[in-house]
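Participant: Here you go, sequence then predicted model.
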Amino acid sequence: MGKCLYLECMSGISGDMTAAALLDLGADRKALERALRSLPVDGFSVSISRVKKSGLDVCDFDVRLDAAHENHDHDMEYLFGGGHPLEGAEEHAHDHIHDHEHDHDHEHTHEHIHPHEHRGMKEIMEIIGQTDMTERAKNTAVRIFEILADAEAAAHGVSRDEVHFHEVGAVDSIVDIVTAAVCLDSLDVTDVIVPYLCEGNGMVRCQHGLIPIPVPAVVNIAQAHSLILKPTEIQGELVTPTGAAIVAAIRTSDRLPERFTIRKTGLGAGKRQYERPSILRAMLIEDASAAGDEICKLESNIDDCTGEMLGYLMERLFAAGARDVHYTPVFMKKNRPAWQLNVICDPKDRERMEEIIFAETTTIGIRRISMQRTVLKRESSSVSTPFGEAAVKVCRLADGKRFYPEYDSVKALARKSGRSFQEIYELVRREAEKER
């Protein structure tokens, strides 16, 4: 199973903050080096180091641009005008624990792409296609760029294909997005929880002049993808379009488990300086509420479907991820015999289950109930028997373990050996208990 990532965006989020936090979590730097070395974009080098933020030791991911590609994205004087209260307040960096310089010496075998001033979605797709990273990482990067393209298109009143990016096409943003995609892939992150994004207020300078905070691209992304923005008193931009697009592309939930354990923590530094430290905290977490988790129960009384229809419905529901499906004989009004359909599923799967029920039955209504349940901690294991391997479910109790041979394994061994199902079941259970 993949990992669950929690992004705590108390200081907002940007591309470089995300990259740094994921690297601090232990993302594969060799995979990142391969990707950046193959990236068909000129004018940058990358440094990964440690800096101090409010006394905390934090990872910093710094994309250094040459003079031709500089965009003043981290220049507080340019962004907010002279006299910013915290201008130059960043604490000095430590000696680098790792300094990865991507020099672009043009010894690559592929063709480089140079149209810096007019880089649109077509050019971005070409860049991703030539970069050495997995298909999953490429898909993530493409999704982030598409979200940014749609946001910029909405801001400027043009189509996605007509957008010539400032934020996206900037070299540092391309590097940040590719880095985030590669790091998420190497960490095997499949679930991402982001409850909200803290944002500042006021105005910030862009290539077209002063614009309000949140900037239009962030507003469009938040609106299109139901991101939750939490206003703060900070005068300044905490959420960049790249940061918002990353969240929109990878977030799977905005709700934390009621209880969770933290397996690892990463801290990523931002470059801009405000009253609160510019830090993104990323945590790999595990749900610790398994002893009392939430499920959804769906019910519907059905009196005019054939047995074949109901049997097919059960197959579809199980295939779609239902925890349990069963029918109970009932008598409805006017003494009509019928079946009550009962489906147990995860809350996130409820809508899909309802769609299947409406499509495959004649019902016109479905009742739903949110329920808490208590379950034993359990895991899957396997044991060796004289007739072959068998899968076993292991449940943990306060005073020990219980072993439940899996039906399909027992059935297969019974057929293979010619022994009865009951005999094989007991054999598998005894072998499992010996290994406890």
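Facilitator: Received, thanks. Numbering: from 1, shown residues only.
Participant: In a helix, D42, correct?
Facilitator: No: using DSSP: H, G, I helix; E, B strand; the rest coil, the assignment for D42 is coil, not a helix.
Participant: any idea how far whichever strand or helix holds V182 is from the chain center?
Facilitator: Assessed by DSSP states H and E, V182 sits inside helix 171-186. Relative to the centre of its chain, helix 171-186 is centred 14 Å away, using CA atoms, centre = their mean, to the nearest Å.
Participant: what does stretch 393-413 give?
Facilitator: 33 Å.
Participant: Okay, buried residues for the longest helix along the chain please.
Facilitator: Criterion DSSP state H: the longest helix present in the chain is helix 135-156. For helix 135-156, the neighbour count (16 or more other CB atoms under 10 Å) marks 137-138, 140-155 as buried. Heads up, the C-betas are built off the backbone N, CA and C, glycines and all.
Participant: Likewise for stretch 310-330?
Facilitator: 310, 313-314, 317, 322, 325, 327.
Participant: Now do the SS call for the residue most central in space within the chain.
Facilitator: Computing the C-alpha centroid of the chain and ranking residues by CA atoms, centre = their mean puts V192 first, at 3.3 Å. Secondary structure assignment for V192 (three-state DSSP): strand.
Participant: Let me see the ranges of the helices in the stretch 301-436 of the chain.
Facilitator: 307-319, 350-360, 407-417, 421-434 (DSSP state H, counting those that start in this stretch).
Participant: Please work out the average pLDDT along the longest one.
Facilitator: In this model, helix 421-434 has a mean pLDDT of 91.
Participant: shift numbering so it begins at 494
Facilitator: Yep, numbering from 494; the last one is helix 914-927 now.
Participant: Now for the closest residue to V921 other than its chain neighbours: which residues touch it?
Facilitator: Spatial nearest neighbour of V921, excluding adjacent residues (CB to CB, 6 or more residues apart in numbering): P898 at 4.0 Å. By CB atoms under 8 Å, 6 or more residues apart in numbering, the contact set of P898 is 883-886, 917-918, 921-922, 925.
Participant: Return the helix or strand in this structure with minimum mean pLDDT.
Facilitator: Lowest by mean pLDDT, DSSP states H and E among the helices and strands of the chain is helix 569-573, with a mean of 46.
Participant: Where does the prediction get shaky in the stretch 594-743 of the chain?
Facilitator: 594-611, 657-662, 700-701 (pLDDT under 70).
Participant: Helix 664-679 and the helix or strand containing V551, what's the angle between them?
Facilitator: Taking DSSP H and E as the definition, V551 sits inside strand 549-558. Put simply, strand 549-558 runs at 130 degrees to helix 664-679, going by axes from the mean of the first three to the mean of the last three CA atoms, to 10 degrees.
Participant: and strand 549-558, what other elements does it pack with?
Facilitator: Under the contact definition 3 or more CB pairs under 8 Å, 6 or more residues apart in numbering; DSSP states H and E, strand 549-558 sits against helix 508-517, strand 537-546, helix 664-679, strand 753-762.
Participant: Need the contact partners of it.
Facilitator: 509, 512-514, 516-517, 536-545, 564, 586-587, 664-665, 668-669, 672, 759-762, 764, 770, 772.
Participant: If we go by neighbour counts, what in that strand is buried?
Facilitator: Neighbour-count burial for strand 549-558 flags 551-556, 558 (criterion: 16+ other CB under 10 Å).
Participant: Kindly report the same for stretch 519-536.
Facilitator: 520, 524-525, 528-530, 532-534, 536.
Participant: same check, this time on stretch 754-762
Facilitator: Buried-residue list, stretch 754-762, by 16+ other CB under 10 Å: 759-762.
Participant: In TSV, list those residues along with pLDDT and distance to R748.
Facilitator: Conversion of the buried residues of stretch 754-762 to TSV gives the following (pLDDT from 0 to 100; distance: CB to CB, whole Å):
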residue	pLDDT	distance to R748
G759	97	21
L760	98	23
G761	97	23
A762	95	27
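Participant: So which of those residues is the closest to S746?
Facilitator: G759 (19.3 Å; CB to CB).
Participant: quick one, what contacts the residue nearest to the centre of the chain?
Facilitator: 497-500, 740, 743-746.
Participant: Closest one of those residues to P707?
Facilitator: Checking the contacts of V685 one by one against P707 (CB to CB), the nearest turns out to be V740, at 12.9 Å.
Participant: hang on, the closest one in a helix?
Facilitator: Yes: counting by three-state DSSP, V740 falls inside a helix.
Participant: count of residues packed around it?
Facilitator: By the criterion of other CB atoms under 10 Å, V740 has 25 neighbours.
Participant: Distance of E916 relative to P879?
Facilitator: Separation of E916 from P879 (CB to CB, to the nearest Å): 12 Å.
Participant: what about those two, which has more around it?
Facilitator: Counted by other CB under 10 Å, E916 and P879 do not tie: E916 has more neighbours, with 13 against 8.
Participant: dump the residue contacts of that one.
Facilitator: A907.
Participant: what do you get for C838?
Facilitator: Neighbouring residues of C838 by CB under 8 Å, 6+ apart: 788-789, 791, 814-816, 846.
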